[in-house]
Each structure stands twice: as structure tokens, then as C-alpha cells.
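Visitor: what's the 3D shape of this:
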Amino acid sequence: MKIGPETAENEVNRREFIRLALMSSALLAGSSQLLEGEKTDSASPDYAAMSFLAPGAVQPEGWLRKYMEKQAAQLGSNLPKVSYPFSSAYWSGQEDAEPTRNRWWPWEQMAYWIDGASRLAVVLQDEQLMAQVRTSIDYTLTHVDADGYLGPKYLKSPADDFHRWPHTVLFRSFAALGDAQSPLAVPSRVTIVEEMQEHFLNDTASYSKPTRNITNIEAMLWCYGHTGDSRLLALAEKAWQEYLKFPSDPETGDLTPLRVYANTPILAHGVTYAEIMKLPVILYLHTGKDEYLKFALAAERRIFDHHMLIDGIASTSEDYRTVTSLDLHETCDIADQTWSWGYMLAATGDSIWADRVERACFNAAPGAIKNDWKAVQYFSCPNQFLATLTSNHCLVHTGNGWMAYQPNPGEGTACCGGNVHRIFPNYVLRMWTKTNDGGLAAVLYGPSKVNATVGTEGRQIEIVQTTNYPFDEDIHFKINTSTAVTFPLSLRVPDWCGEPRLTVNGHVASATRSDKGFLILRRRFNPGDQVTLTLPMKVAVSHWPENGMGIERGPLVYSLPIKENWKSFVKPTYTTAEFPGWEATPASAWNYGIALDPDKLTNEIEVEKQPSTQSQADDPWANPPIKLTAPARKIEGWDLLANPDNPSQKFTPCLPDLHVSKVGETFERVTLVPYGSTQLRVTIFPALWGKHEG
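Guide: Residues are numbered from 1 along each chain as shown. This next block holds a predicted model:
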């Protein structure tokens, strides 16, 4: 579909038709069933090894649904009632005047919430939440300039270097709704595609300047995928090639060929790098040009070689840092890096990218969110012994409130308060992919169900995934189909699992093990067939700077939980009495080192499965079904660090020097829980072995 020039009269008529259609489309939102004839897959790029299903094709079940329902009931729907700038009419009326603070930021932050909340509404089929989101989306689509420009008047002219960045964030929500198979996702895909196409083709802004403006390539190519309009592809490629000619600086992402291929540590802002490094892989998906994929792989390698923390997200506070026990990451980076890794999975078909998404979503994400979904952190850390308004130990941003739990933890830069809502909806949206041989691949695990077409005849099936993963090793897939159907079913085997087991209807099944990390089961499936994948989990130890040790089992990292003393506070404009901020200080001992004999790991760390309860099934993060116990000894003198200029201000300390600190003689067994089950925690422990053994 290509959109040609129109007369002014026709343009006015078309826009009035769109406005009336959007006003009346809410009448369709009362049904949670698929509309007859609705598409079930997203537009697939020509060079994708795997293609994601349309939003709404996968729906969460079990603990995953309950966790996301809690998100929707709390900050997911209440953030616009609680905190600036979400409480203002950005993208829905407050478009002309310059904001009182932070220039483009209010539109960026509001767009983060719009994107996350719209995806959350689609996967949960939440009509009320979608109605909230539609206010901004409908307003933007019905208030289009005569030249096709979408968005606030304040950002139309180059007011600053980021004047097109907020569009990238908002347009992701447009793409999700344009692809969705849910009746909640009106307006129609045609309307969204036409408006975005006209916006890009008539826009005179620079997209190649070395700022986040370049990130609009993502939306350009989504539009190209639906229209085939070569002008959009040319615009995207031209912008990228021109972008690479500019000198790099820390804010723009440090993404020059010279530094990327040298595999040097990253000198860049974390979110900016994550947003830009995915662009060449999206270009590859639409062009098949190897140079794009090679660049993206090299950009990713720098993260994993130099900056990855134990919880699955890179050290980014705000810029990339080292990997000590005190290095933190911004919550925005959890959303942005996992989103980028999804594109890498689509391009390469390699399960390692799903492993990385899983690790971040099952550790870093819940570890930065208060379990009641009423507050989040701006910065979170593997070791955080307190989380207060003044406990931020990052050298650049000491004591600015970013480690406290708040509905909007950044105040003037509230990005994380909105961006956090993208993490789990995006996890669900990408749990299943289509493969190029007519099959389905389970790439991310969790209780859910998927509806998709398979096989050479495009038969509609449903697969129900029943599991308590990542806490349990067994994942059950029930095949619901009206008649027998032949297709290949691919199941991801995480890199940490050495001996997966597979059965069909209780009998051991043979499957092909691909070099991309999947078991491929090729067979004729009958209605009701039950496939069970077992992923045995072993305890492992990871090593970190300054004699640090981490303990892992399967996809989960384990921490010593520190009991919290919670103290609430209310800041007008940013919090309310119902949604206050929270400071947490330690109320239990944390100064332990783990005392292990590395040759007796399986004997010294015990796995304790808790008795099954309903509360555990509903919320395994609050009531973890798996705990570990490990031998430990206390370390004397390992105390909270005080600011010498203000002794009342305390920080989490670095790991102790065991050549100086006194290690207690008494061995104790400490209980460790999943990282995501903690707000205060010790995750990187002093390693007490060698000459420090008992």
C-alpha cells in the first residue's frame, strides 16, 4: 500500500472520517474475543529468522497474569493520577507551550507510560486501562498538522537535539496497537500506518544528527514493513549512514565503527546506547545486509564483555560503569535492553538472546519494583543494604533520591516511572515466535496460552503452557487443535541447562538439537497432546571483582534478603497518601561472607522446596517456593558507610578487604531467596575460601 498526494479538500475529509471513526471505535471495546478475520501475526520482516506474533496472540496465565494484573491495578492505571508529568495532558492537549521544566522530557516520559500501558491492556484484555491510554493516542491521531506532522507543536521545530526522540517512544505504542489482534486495539492499523507514513515522508527534521532522533528508524521501518514504500527504507538507511559520520560523544551512544569493532568499554549513556544499538539489526531484518547485523553484534558484545551485572542488566548509572558489587543500573535500561535483545533474537534465531531477556526479567526487573507495584527504584543494585532518599552511592549522583522506592522515582526525569510498565508486557508479547518452516518456537517460558497458525495449511491452534517456571523445572504444553496437525515445535534450551528432558504424552520423545539452542520436535500433533520439557537446574557460583561471589540456580540469582524498616513520605506533585514514596533501612544482619569449598558445592548449598500454598502460586515473588541455604560467617567491621561530611547519611559499603577485616569463627547457615523477592539484599558476597576457610 502506497499513499499518494491528496487534494486539500480530500485531506480534510479523510481526517474528519478518521476523527469520527476513532470516536465511535470505543463501542468495539466491549468484546474480549478475537474479531472474525483479524490477523494473528505481525508483519514479518523479510530476513527474520523468527517472527513475533501479533500482540494479543499470547496471554499470560497463572502467577504471570496475577503479577501483571497487580501492575495494572496499581501504578499501571494510577500513575496518571499520582505524579507529574503523567498527571498532565502531554500528548492529549498540552502541546503548544514550552513545559515549565525539562523541555522534551515530559512527552518522553508520558509516552513511556502510554506504550507500556497499551501493551499491558492488550495482553490482559483490560478495557478500562485501554480507555485511559486511548485518550492520548486518539488525540494525537485526530490532531494532525496539515503537513502530516504528528505530535506536540513545541517539538515540531528543532527546539533542542532531542526534539524527535519522544516520537520514537510514542510510535512504539502505535505499532503495538497497529499489529494487535485484539478488538481493544482500535483505531485500525490502516489509520495508524497512513498517519505515521505521512508524518515521516513530509517531515523536514534531521534524523541523522547524532542524538536520539536517529531512533525513529524503528518506527520508519515498522511503517515500511506494512506499506512496502521504498521511500521509508531509503530514509532510514540514509539517516543511519549519515549518523555514523558524526563524531561520537557520551550522550549519543559511542556507536562509531572504530570503537564498536575494537570492543572497547562503552563510554556512553546506557539508555541512549541501548536505543541506538538495535537500529542496525532492524535495518538487517528489512534489507538482509550483513554489515548491519555485524555492527549490531559487535555493539552488543561490548555490553557482555565489559559491563554485565549479575542480575542480567548492564551497569548503567547513568553511563556504563564497571561490575563491582556497588555498580547500579537504571530501571529504564531493563526495559530498553531487553527490547533490543528481542530484535537480536528475531534476526539470528539464537536462543542466547532469549536467555538474556529471561535473566533480566526474572531478576533485575522484580528486584527494582516494590512487590505491591506501588513504587519502583530509579537505580537498583545487586548489593543494596538500604534504599533511602540519600543512599545513592553512585559517585555521579550521590544522595539524590534515586534509590528510594517511589511511584515516580526520578521527579524531574521521571522516565523509569513510565518505562517500567513496558518490561513484562514485552516479555509476554515475545514468548512465542513463528519459525520459517511453518512452526512455532517457545522462546520465553511462563504460564500462558498462545493462539497461532501453523503448518503448510496455516491451521489455527492453541497451546496452553502450564508451569511454575522459573521456580520449577517442568514446563507442560497442551496442544489444543480441532484435528491432527503437523508442524515443528521448537523449545528453547537455556545455555545453563546441560541435560534437558522431553516427553510426549508421558513417553520419552526424540527431538533435534539445533545449534541455535532449541529442541525441535517434528511430528503430527493430535488434539490434547501433552508435551513436557524438563530443564534441570543446578546451583552455580559466579565470580566478581574484589573477591566477590554470586550464587545462581537455573535462570534465578539468589540473594540474602535483608529485613526492611519501611518509612513512607509524601512529596506533593510526585506522590500521594495512597501512593507514597518509601525509604528502607536494614533491620537484620547482612554482614556475611559465604564460606564454601568449591569442590563440594552441591553438598554445601542445599535446595529447599517450600510446601505448596495458594499464596505461593499466586505470588511466588512474595512467597518464593524455592530457597537455598549456604554456609556463612560474619565479617566484623563490615558496616554501612557514612558520609564524612554528614555522618547521618549512610551508604551501602563495598566488599570488605579480608586481609584486614576479621572473619568470625562461627559457621552459620543463611537462607537465600530469589533476587526478585528482595528489596534490600546481599547478592555479591565476600568469598570465604582458600586461606579464609574455617
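Visitor: how far away is the nearest residue to Gly581 once chain neighbours are set aside from Val420?
Guide: Leaving aside its sequence neighbours, Gly581 sits nearest to Gln406 (Cβ to Cβ, 6 or more residues apart in numbering; 3.9 Å). In short, each C-beta sits where N, CA and C put it, glycine included. Using Cβ to Cβ, to the nearest Å, Gln406 is found at 11 Å from Val420.
Visitor: try Thr466
Guide: In terms of Cβ to Cβ, Thr466 sits 28 Å off from Val420.
Visitor: Have a look at these two and say which one is more surrounded.
Guide: Taking neighbours as other Cβ atoms under 10 Å, Thr466 and Val420 compare with Val420 leading, 28 against 17.
Visitor: Name the residues that touch stretch 216-225?
Guide: 43-45, 164, 167-168, 171-172, 174-175, 178, 193, 196-197, 200, 207, 229-230, 232-233, 235-236, 239-240, 278-279, 282-283, 285-286 (Cβ atoms under 8 Å, 6 or more residues apart in numbering).
Visitor: Show me what the longest strand anywhere in the chain is packed against.
Guide: Taking DSSP state E as the criterion, the chain has its longest strand at strand 626-636. Helices and strands touching strand 626-636, by 3 or more Cβ pairs under 8 Å, 6 or more residues apart in numbering; DSSP states H and E, are strand 548-553, strand 592-594, strand 606-609, strand 662-663, strand 668-674.
Visitor: pLDDT averaged over the third one - what is it?
Guide: In this model, strand 606-609 has an average pLDDT of 95.
Visitor: where does the stretch 451-600 of the chain have low pLDDT?
Guide: Applying pLDDT under 70 to the stretch 451-600 of the chain picks out no residues at all.
Visitor: which residue ranges form the strands in it?
Guide: 459-467, 474-480, 485-492, 501-504, 507-508, 512-513, 518-525, 530-534, 539-544, 548-553, 556-561, 564-569, 581-586, 592-594 (DSSP state E, counting those that start in this stretch).
Visitor: Not counting the last one itself, show me its contacts.
Guide: Spelled out, that is strand 592-594. 549, 551, 560, 630-635, 658, 663, 668, 670, 682, 685-688, 692.
Visitor: one more time with 6 Å
Guide: Applying Cβ atoms under 6 Å, 6 or more residues apart in numbering, the contact partners of strand 592-594 are 549, 630, 632-635, 670, 685-686, 688.
Visitor: cool, the fourth one as well?
Guide: Outside of strand 501-504, the residues that reach it under the criterion Cβ under 6 Å, 6+ apart are 509, 511, 519, 531-534.
Visitor: Pairing partners for that strand, with directions?
Guide: Here strand 501-504 is paired, per DSSP bridges, with strand 507-508 (antiparallel), strand 530-534 (antiparallel).
Visitor: Next, the buried residues of that strand.
Guide: Within strand 501-504, the residues that count as buried by 16 or more other Cβ atoms under 10 Å are 502, 504.
Visitor: so how far is it from its chain's centroid?
Guide: Centre-to-centre, strand 501-504 and its host chain are 30 Å apart (Cα atoms, centre = their mean, to the nearest Å).
Visitor: which element follows the one helix or strand Ala274 maps to toward the C-terminus?
Guide: Using DSSP states H and E, Ala274 sits within helix 270-277. Per DSSP H and E, the first helix or strand lying C-terminal to helix 270-277 is helix 279-287.
Visitor: Quick one: end-to-end distance for stretch 401-421.
Guide: End-to-end distance of stretch 401-421 (Cα to Cα, to the nearest Å): 21 Å.
Visitor: And it, how far out from the chain middle?
Guide: 16 Å.
Visitor: Would you mind pulling the contact partners of that stretch?
Guide: Contacts for stretch 401-421 (Cβ under 6 Å, 6+ apart): 75-76, 82-83, 102, 109, 112-113, 116-117, 331-332, 335, 370, 375-379, 387-389, 391-392, 574-575, 579, 581-583.
Visitor: Now which of the residues you listed would you call buried?
Guide: Applying 16+ other Cβ under 10 Å to the contacts of stretch 401-421 flags 75-76, 82-83, 109, 112-113, 116-117, 331-332, 335, 370, 375-379, 387-389, 391-392, 574-575, 579, 581-583 as buried.
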